[in-house]
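J.: Need coordinates for the following:
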Amino acid sequence: MKKIVALFVAVMMFMTLFMSYGYAEDLIKVKTNINDVKTDNKYFIISGSGQPNTTVELILNDNLSDKWVIGDTMLFAKLLTLSYGDNYIVIKAYKDDQLQIIKGHVILTKKDGILQITITAIEDIIKSLLK
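T.: Predicted coordinates for the structure are as follows:
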């Protein structure tokens, strides 16, 4: 019986320690696919939603690209300019003692990509933000 109580106490202490660091899975939701995406357009839009008053850092290839606080609309969309080849994206969201990290990889396949946003692409972005 003492072993069960000791195990229970140890599990509770571990859970309390884990919760005190506040790793959060749901501060933001990225609607744009950023997992091993190939594109020939050097301009790439990342969109999504999140909890109000959440600070978000967008890091492209180890450089801080943008930093903002999510407002009352709970929506965001950011434009990145990709480099030729591999582009590594890290999105850090934090609020109070909670932290969420999302990583992605986008490959630009042409050196001289140009902005090619069409009416269809704009409609798709608006639809994804309103889901």
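J.: measure Tyr94 to Met74 for me?
T.: Applying CB to CB, to the nearest Å, the value for Tyr94 to Met74 is 16 Å. Glycine gets a C-beta too; all of them are placed from N, C-alpha and C.
J.: And for Leu64?
T.: From Leu64 to Met74 the distance is 23 Å (CB to CB).
J.: With Thr55 instead?
T.: With CB to CB as the criterion, Thr55 and Met74 are 14 Å apart.
J.: any weak-confidence spans in this structure?
T.: 1-25, 111-124, 131 (pLDDT under 70).
J.: Which residue ranges of it form helices?
T.: 2-21, 119-130 (DSSP state H).
J.: and Met130, how many residues sit next to it?
T.: Not Met; residue 130 is Leu. Neighbour count for Leu130, taken as other CB atoms under 10 Å: 8.
J.: Asp96 now?
T.: For Asp96, the neighbour count with other CB under 10 Å is 10.
J.: Begin at 763, not 1, for the rest of this chat.
T.: Okay, using 763 as the starting number, the last item reads as Asp858.
J.: Fine by me, we can end here.
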